[in-house]
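J.: When you get a sec, could you give me coordinates for this:
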Amino acid sequence: MNNELIEALDALEKEKHIKKVVLIEAIENSLIAACKNNFGKADNIKVIFNKDNGSVTVYAQKEIVEEVEDSALQISKVEADLKFPGHEIGEIVNVEVTPKNFGRIAAQKAKQVVVQKIREEERNSLFNRYYDMEHELVTGVIQRRSGNNISVNLGKLDAMLTEEHQIKAEKYRPNERMKFYVTEVTNTTKGPRISISRTDPTLVRRLFEAEVAEVKDGTVEIMGIAREPGSRTKIAVQSHEPNVDPVGACVGMNGRRISNIVSELGPEKIDIITWNEDPAVYIENALRPSTVVYVRADVEEKTAKVIVPDDQLTLAIGRAGQNVRLAARLTGYRIDIKSESQAAELDMNFDENEAADDENIDDVIVDDVIVDVDEVVEDTAADETNEQ
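T.: From the prediction side, this is the model:
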């Protein structure tokens, strides 16, 4: 042990971000372990590492007694007076017991323990670094495909994008940079394991926080997000400042902010709506871009009856019910939506004769949305025809 070791520890502290004091403690503990080959009892053995010159001294902590019964734990008063004058019976003194052969074997064992400690501390350092990224937005570089999973480099570590967190419509090309939401960071014996997602709704929230200053500082608050990854997202916002338009702030001048967010999500469309404490108004907003004629919301039952113009029913429902389905998820209400002509046929004013609705219309319930089966089928068929 010499100055070269001290220099090596200084270099490790800078390169591996492992505190020097932690390494010295590991060395001292490893040397105590090495001393067990020389001393039957190691409980009273103390190793002092000189952090200035790298020298090591081994001490045995012994009690001063009148008559020695265990030489490993005790020292006589007579001997103590010669080596440690001024100490009394019952006191503990440090007796140097550094073995003469405390060289190659001890150093080798110390090296093994220290190397292990360095690995542990390096893993812990990486874990602490990436643990701060949990539930945050990160930028990664696509590396390779491993089965159905995608390996993504985040700098010091690779994360795994599992199939369930991939957007089906997206293409993950090697060396492409993308943004991801870190769902979990766990510490394992092989180092930190990072789970990321492209489908989590919080990804959209983090993108808005990164792009919209008013969202980041709390002036505009995101009240809810309903998302079908790769297809469409509805996000509800409200402003805590009367002179700040929450939707306008999110869209940005000339649509620049929302354009930057959409560019990160590929073909996914985003509907930004204004949150309202009145459930009826909130549901009306959530069904946009369609026009709504009437909404009656039952707060206790968390259900809503909605009437839309005949020419707006397809738009209100959306392809395969997507628009109304997302509106239901966003608001938390089970939505029963009808056109004006359907309501007139059933003599529905949503205050009377509600039973006739269930008796005369074949409805389907999907994700807390009630829509007319025939309308959904016609709508989907029309979309497919237009695509062809």
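
J.: Low-confidence ranges, the stretch 51-200 of the chain, go.
T.: Within the stretch 51-200 of the chain, the ranges that satisfy pLDDT under 70 run 101-107, 109-110.

J.: Could you rerun that using 90?
T.: Low-confidence segments of the stretch 51-200 of the chain, defined by pLDDT under 90: 51-61, 70-74, 80, 86-87, 95-133, 146-147, 155-157, 168-171, 187-193.

J.: Strands along that one, start to end?
T.: 56-65, 74-76, 92-96, 137-146, 149-153, 158-161, 177-188, 191-197 (DSSP state E, counting those that start in this stretch).

J.: Which one of those strands lies nearest to Ala236?
T.: Nearest to Ala236 among these is strand 177-188; the distance by CB to CB comes to 19.2 Å. Glycine gets a C-beta too; all of them are placed from N, C-alpha and C.

J.: From the contact counts, what lies against the closest one?
T.: With contacts taken as 3 or more CB pairs under 8 Å, 6 or more residues apart in numbering; DSSP states H and E, strand 177-188 sits against helix 104-131, strand 137-146, strand 158-161, strand 191-197, helix 201-211.

J.: Please name the strands paired to it in the sheet, noting orientation.
T.: Using DSSP bridges, strand 177-188 pairs in its sheet with strand 137-146 (antiparallel), strand 191-197 (antiparallel).

J.: quick check: angle from the shortest one to strand 149-153?
T.: I take that to be strand 191-197. Counting by axes from the mean of the first three to the mean of the last three CA atoms, to 10 degrees, strand 191-197 points 110 degrees away from the direction of strand 149-153.

J.: Strand 191-197: how far from the chain's middle?
T.: 9 Å (CA atoms, centre = their mean, to the nearest Å).

J.: just the first one next, same as before
T.: Relative to the centre of its chain, strand 137-146 is centred 16 Å away, using CA atoms, centre = their mean.

J.: So for it, what gets flagged as buried?
T.: For strand 137-146, the buried set under the neighbour-count rule, 16 or more other CB atoms under 10 Å, comprises 137-138, 140, 142.

J.: For Phe39, give me the pLDDT.
T.: We note a pLDDT of 64 for Phe39 in this prediction.

J.: ignore the last one, Val324
T.: pLDDT, read off for Val324, is 95.

J.: For Ala60, give me its contacts.
T.: Counting by CB atoms under 8 Å, 6 or more residues apart in numbering, Ala60 touches 39, 44-46, 72, 94-95, 97.

J.: which one of those residues sits closest to Gly255?
T.: Using CB to CB, Lys46 comes nearest to Gly255 of those, at 69.8 Å.

J.: roughly how far apart are the residue located most distally from the centre of the chain and Glu66?
T.: Taking CA atoms, centre = their mean, the residue of the chain most remote from its mean C-alpha position is Val78, at 65.1 Å. Counting by CB to CB, to the nearest Å, the separation of Val78 from Glu66 is 9 Å.
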